[in-house]
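Student: Coordinates for the following, if possible.
(one chain, ligands or ions: 1)
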Amino acid sequence: MSIQPEQTQQAAQIIDKSQSIVILTGAGVSAESGLATFRDPEEGHWSKYDPMELATIHAFNKDPELVTRWYHWRFTRARDVDPNPGHHAIAALQKHKSDINQSLTLITQNVDGLHQRAGATDVVEIHGTIHTWRCTITNKETPLRNLSFEHFPIPSEAGGLMRPCIVWFGETLPQEALERSFKAMAECDLFISIGTSGTVEPAASFILAAKENGAKTIEINRDPTPNTGFVDVALLGASGQVLPQVLSEIRIEI
Ligand code: APR
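Tutor: Modelled structure (predicted):
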């Protein structure tokens, strides 16, 4: 089902008029950079592993070498790809709104750091980041670039192990990220969900909370999600193609 031009124009007009925007992104935004999403089949060596099984403290405690190797593989893939036009469009929109003293809060479920590499700032990483690891005993954090992957798993100075600062299934989200998210949602007049299946809480309910606070809602996603039925504008397509088209309607160049 192709996107009608009037839908793109409608989304662009809503974005142009909005004074305080929240954008929530998921793995779909990074798909066009070549990073597999969570609920699409993974290709290659890791296809026999289920991320839902590996991204848990149970899996790490049971086989820290396997889980460390998986995250090292995910990190090297994220390092070796580039932000795509969808990342650049979001960064350009954030800069445009900031230049005219309006706000755009970017909340991401992604841990790959591609939004920041595209120039986005103050990114709220509600599921953490692969670029920082911490000791399992002291919780002392270390940037990934300072770690040596000579051994798997990675021993910490305190005699524990190093793990990524990523929120694993069953773990609590970073308090500061949650507080920033709820504050932005309470104040926004537009909530845009991009490249997320809308299946993992609490992020999955953010768009409905914003709508109940009176915000307009836009969804840009390759496939329909549980939120598609109630948003004001649903653009079904690839974010790296749709976002530049929407921004070109309001003359924001990437
Ligand atoms: N453009 C837009 N959307 C896309 C694209 C694309 N090029 N490619 C895929 N999608 C959509 C898919 O249709 C799907 O709805 O992106 C969504 C990705 O969904 P998931 O794989 O479930 O990823 P995500 O929503 O980010 O998962 C949320 O779940 O696994 C946990 O912690 C993990 O942060 C992750 C969370």
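
Student: Stretch 158-172: how far from the chain's middle?
Tutor: Mean-position distance between stretch 158-172 and its chain equals 19 Å (C-alpha atoms, centre = their mean, to the nearest Å).

Student: If you count neighbours, what's buried in it?
Tutor: Across stretch 158-172, burial judged by 16 or more other C-beta atoms under 10 Å covers 160-168. Every residue, glycine included, has its C-beta placed from N, CA and C.

Student: what's the answer for stretch 246-254, then?
Tutor: Buried residues in stretch 246-254 (16+ other C-beta under 10 Å): 246-247, 249, 252, 254.

Student: and if you look at stretch 52-72?
Tutor: 54-56, 59-60, 64, 67-72.

Student: The residues you listed: which two are farthest apart?
Tutor: 56 and 72 (17.3 Å; C-beta to C-beta).

Student: about what we covered before: could you list which of the buried residues of stretch 52-72 belong to helices?
Tutor: 54, 59-60, 64, 67-72 (DSSP state H).

Student: list the contacts for residue 132?
Tutor: 141-144, 164-165 (C-beta atoms under 8 Å, 6 or more residues apart in numbering).

Student: mind running it again at 7 Å?
Tutor: 141, 143-144, 165 (C-beta atoms under 7 Å, 6 or more residues apart in numbering).

Student: can these go into a markdown table with extra columns for distance to the ligand?
Tutor: Listed next are these as a markdown table, based on distance: C-beta to the nearest ligand atom, whole Å:
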| residue | distance to the ligand |
| --- | --- |
| 141 | 20 |
| 143 | 21 |
| 144 | 18 |
| 165 | 13 |
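
Student: Just the buried subset of these, written out for ChimeraX, thanks.
Tutor: The following ChimeraX command selects only the buried members of the contacts of residue 132, with burial defined by 16+ other C-beta under 10 Å:
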select :144,165
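
Student: near the ligand, anything from the helix or strand containing residue 134?
Tutor: Here residue 134, judged by DSSP states H and E, is contained in strand 128-135. No. Using C-beta under 6 Å from any ligand atom, strand 128-135 never reaches the ligand; the gap is at least 9.0 Å.

Student: How about stretch 65-74?
Tutor: No. Applying C-beta under 6 Å from any ligand atom, one finds stretch 65-74 separated from the ligand by no less than 11.5 Å.
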